[in-house]
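*Asks:* okay, predicted coordinates and the sequence, questions at the end:
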Amino acid sequence: MYMISASAFKMVNSFSTDKVKAVTESFTSMRILVGGREYPTFPKKANSEMVKIGRSFLGLPAAATVEFTQDEMKIHNEKDQVVKNEKIRDFQNVQFGVIRKMGFAARVPFLTSAMAIAIKMQDRSYYILNSDFTPFKELVALYKAQSVNVEDPFNIASLPSNEKRDEYFNKNYEELCKGTNYPVSYGSNYGVKGF
């Protein structure tokens, strides 16, 4: 199993405008575009407009996207311009994992799970974090079609649905992350329980 460097789990400012640099250093929240669908999905157009207004008001850049085609990975910046391309056939290994992090609803904290994708290449790695597990099967098929080694140490393949991710992983997350370099919770000191 590919052991991800501890530094990749270091919480960074996810509002960085240089997503290419950020995504090569540590797990970075990005939208995923595959098969013409974007994840996570935002069903209401009005909601996306409110997010844009909120980001603008706070001076935050728009979210960046990582797009997967049949043979390429393309990183888009906040203006939707492709700023980096990689051939999937050049991927040596792709590991799908789970990072548990703190979320809030009505000011009440709760644990939520995000899909982590670590892409190892000859001279660099990419670390992608996304709250939606739905594209997992499509991405695995895409990588395997290009003969890329795929690892699933958290058995995401058995996840019943994206909506059940927190219930599914919170039951035995600490047991699942044993033998991996994944922290008990993202944002805590690496390898230390707590938040």
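*Replies:* Arrived safely, thanks for sending.
*Asks:* all strands for the protein, in order.
*Replies:* In the chain, strands defined by DSSP state E lie at 28-29, 31-34, 37-39, 65-68, 72-76, 82-87, 93-105, 108-120, 125-130, 149-151, listed in chain order.
*Asks:* in space, what's closest to Pro153 - neighbours in sequence excluded?
*Replies:* What sits nearest to Pro153 in space, not counting adjacent residues and going by CB to CB, 6 or more residues apart in numbering, is Thr180, at 5.5 Å. From N, CA and C alone the C-beta is placed, and that goes for glycine too.
*Asks:* distance of the one you found relative to Gly97?
*Replies:* Distance, Thr180 to Gly97, using CB to CB, to the nearest Å: 7 Å.
*Asks:* and the two? Which one has more around it.
*Replies:* Using other CB atoms under 10 Å, the more surrounded residue of Thr180 and Gly97 is Gly97, with 25 against 17.
*Asks:* show me the contacts for the more buried one.
*Replies:* Ile4, Met115, Ala116, Ile117, Ala118, Pro153, Phe154, Thr180, Tyr182 (CB atoms under 8 Å, 6 or more residues apart in numbering).
*Asks:* now with 6 Å?
*Replies:* For Gly97, the contacting residues are Ala116, Phe154, Tyr182, by CB atoms under 6 Å, 6 or more residues apart in numbering.
*Asks:* centre-most residue in this protein?
*Replies:* Leu129 (1.5 Å; CA atoms, centre = their mean).
*Asks:* quick check, that one in contact with Ala114.
*Replies:* Yes. Taking contacts as CB atoms under 6 Å, Leu129 lies within contact range of Ala114: 5.1 Å.
*Asks:* picking that back up, mind checking how far the residue nearest to Pro153 is from Ile99?
*Replies:* Using CB to CB, one gets 11 Å for the distance from Thr180 to Ile99.
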